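>>> below are the sequence and a predicted model; questions follow.
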Amino acid sequence: MNILQKVIPMMLVAATCSSFAGEEINKSLTLDNVSSVNIENLRGNVTVIGWDKDTITVKGELEEDAEGLTFKQRGSSVKIKVELEKNNHNYWGGNAKGSELIIHMPKNIRVSFDGVSSDINLDNLHASAEIKTVSGSIVATNLSERIELSSVSGDIESKKLSGKVSLASVSGDVTDRNSSGRLSLRAVSGEIYAESIAKEVTVENVSGDIHLELNEVDELLVSNVSGDFAASLSLNSDGVVKMSSVSGSLALKFQSNVQANFKLSASAGGDITNRITSQKAKDAKYGPSSKLRFETGSANASVRASTVSGSIKVSD
């Protein structure tokens, strides 16, 4: 009898916990003066879609190690979090499938997301987004206001972002299309590619390559170490371009009637190629360095580029 009294409660507890394994989720919450939604999911895949309703719905399936889903409003914010078992420290997932969630929320409410090995997809959100994941990928479409998307080893793909946009990955690739406003792109060893109509663009990379196709630009700031950089753009009157590299190449193609003051310099054996005018770089009297200064048209815009042992090429 004593044995049964000990065993039966243990069986009931086990049955209760296992009922959450792969649990189907279909919940909704009507909002009351909510300004932000905070989402946490360690692994799996989350899709967030903005709509015109004043409710949030969460549908999908929890992973096997989940204890449940926190979904509640506290003050002006809503928390959505997949709760794992307290003794589960396998945040990277192992063989776990991870949770699969689809969240619909009002499109004019701020959203934040934190994950480890969780992918995140976002669409039609217009009140700022702050998205962070470690090894997961990020796909974002039609977002506006202040947008910050970052991953450590995952790729980032974005389309039709507007406002103040920041995309950053360490070893993943960053791809952006049809963004506008102010654009910041950062990577360490990943590749960066962008087709953008942003007026102000900042790009930083260490060993990865950068390729940009820009429209009318007021400001372009480029910092690259050993990767190659290539871009085409139309530089506005009074526009500014500043580029620097160590051993990588810098290649910039301007519109045919660019009107700017150019100051280009290379040291430690770096090369300068000018395809805009007939002027050529002059070698320094002492040391393996060279400089090129020239102007086109009214020279209202400014172009500055420097490299240590890499190359600089400007063309129209």
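Yep, it's here.
>>> how about the contacts made by residue 232?
Listed by CB atoms under 8 Å, 6 or more residues apart in numbering, the contact partners of residue 232 are 212-214, 252-254. (C-beta placed from N, C-alpha, C; glycine too.)
>>> so which strand or helix has residue 203?
In this structure, residue 203 sits in strand 200-205 according to DSSP states H and E.
>>> for the helix or strand that that strand is followed by, give me every contacting residue.
Toward the C-terminus, strand 200-205 is succeeded by strand 210-224 as the next helix or strand (DSSP H and E). Strand 210-224 has contacts (CB under 8 Å, 6+ apart) with 185, 191-206, 227-236, 238-246, 248, 250.
>>> partner strands of strand 210-224, with direction?
Strand 210-224 pairs in its sheet with strand 192-196 (parallel), strand 200-205 (parallel), strand 229-245 (parallel), by DSSP bridges.
>>> okay, these in a markdown table with mean pLDDT and distance to residue 275 next?
Output for the strands paired with strand 210-224, formatted as a markdown table (pLDDT from 0 to 100; distance: least, CB to CB, whole Å):
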| stretch | mean pLDDT | distance to residue 275 |
| --- | --- | --- |
| strand 192-196 | 98 | 23 |
| strand 200-205 | 98 | 22 |
| strand 229-245 | 98 | 13 |
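>>> before we move on, back to that, pull out the buried members of the contacts of strand 210-224.
Among the contacts of strand 210-224, those classed as buried by neighbour count (16 or more other CB atoms under 10 Å) are 185, 191-194, 196, 198-206, 227-229, 231-233, 235-236, 239-241, 243-246, 248, 250.
>>> buried members of the contacts of residue 232 into ChimeraX, please.
The buried subset of these, as determined by 16+ other CB under 10 Å, is captured in ChimeraX by this line:
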select :212,214,252,253,254
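>>> got a markdown table for the strands paired with strand 210-224, with distance to residue 85 too?
Converted to a markdown table, the strands paired with strand 210-224 look like this (distance: least, CB to CB, whole Å):
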| stretch | distance to residue 85 |
| --- | --- |
| strand 192-196 | 39 |
| strand 200-205 | 40 |
| strand 229-245 | 47 |
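>>> what's the closest of the ones you listed to residue 113?
strand 192-196 (22.1 Å; CB to CB).
>>> wait, which of the strands paired with strand 210-224 is closest to residue 45?
strand 192-196 (23.8 Å).
>>> off-centre distance for the closest one?
Relative to its chain's centre, strand 192-196 lies at 11 Å (CA atoms, centre = their mean, to the nearest Å).
>>> got it, and stretch 37-57?
18 Å.
>>> centre-most residue in this structure?
Centroid-nearest residue in the chain: residue 167, 2.4 Å away (criterion: CA atoms, centre = their mean).
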